[in-house]
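Colleague: Next comes the sequence, and after it the predicted model I'd like to discuss.
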Amino acid sequence: MKQTSSGTDGSQSRDSPQRTTSTNPDQSIAAMVQEGASAASSAVRRQAAEVGRNVAHEVEKSATDQKAVGSEALRTMSRAITAAASEMEGASPDVARWTREVAQKVDGLSSGIEGRSFTDIWKEAEDLARTQPVVFFGAALAAGFGISRFLTATGQSDSQTGGQGHASS
């Protein structure tokens, strides 16, 4: 039996069944499952975004800490170069002057690193790698070599001052 409903003009129509809210239990369950899946999906997206922000923050913090360590290592290297220049002053004033200039540039590099964010430094390195890959590779190679020599010299100095010096052959 068909129920009557009001038409737009207020008249009764016998052809259209009256609509009720979700009389079919299968449709109701499907709608609840869809709502639940949508809510879960939104929650997962929010959590993923939060985790991403936390990871980015921790990476930035770690990079900033490492930037400070690197900057201090450059300052130490600058002081060592300056000390070497002072020792050369009597024997070779021109080499000593050149060595002091190198020390000043290393110190300036250290100051430049301290005054900028890790993100800015990273972007500049990327730009340099894109625009001048040979210069970038050469600088990376020279920096790696310099750091290696510095750490090797520091390690040997530490072991010698600790009473565990190496005998030369």
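Modeller: Sure thing, it's come through. Numbers count the residues shown, from 1 in each chain.
Colleague: just checking, what packs against the host helix or strand of A39?
Modeller: Assigned by DSSP states H and E, A39 falls within helix 25-88. Secondary-structure packing of helix 25-88 (3 or more CB pairs under 8 Å, 6 or more residues apart in numbering; DSSP states H and E): helix 93-114, helix 118-131, helix 133-161. Heads up, the C-betas are built off the backbone N, CA and C, glycines and all.
Colleague: among those, which is nearest A49?
Modeller: Closest approach to A49 among the helices and strands packed on helix 25-88 (CB to CB): helix 118-131, 19.2 Å.
Colleague: For the closest one, what does the pLDDT average out to?
Modeller: Averaged across helix 118-131, pLDDT comes to 85.
Colleague: in it, what counts as buried?
Modeller: Buried positions in helix 118-131, judged by neighbour count with 16 or more other CB atoms under 10 Å: F118.
Colleague: Run through who's touching it.
Modeller: Helix 118-131 has contacts (CB atoms under 8 Å, 6 or more residues apart in numbering) with 60, 63-64, 67, 113, 135-136, 139.
Colleague: Give me the distance between the helix holding A39 and the centre of its chain.
Modeller: 6 Å (CA atoms, centre = their mean, to the nearest Å).
Colleague: Now do the same for that helix: mean pLDDT, whole number.
Modeller: For helix 25-88, mean pLDDT rounds to 85.
Colleague: now it against helix 118-131, angle please.
Modeller: 80 degrees (axes from the mean of the first three to the mean of the last three CA atoms, to 10 degrees).
Colleague: Kindly calculate the angle that helix 25-88 makes with helix 93-114.
Modeller: Using the same axes, to 10 degrees: helix 25-88 against helix 93-114 is 160 degrees.
Colleague: This completes my enquiry, with thanks.
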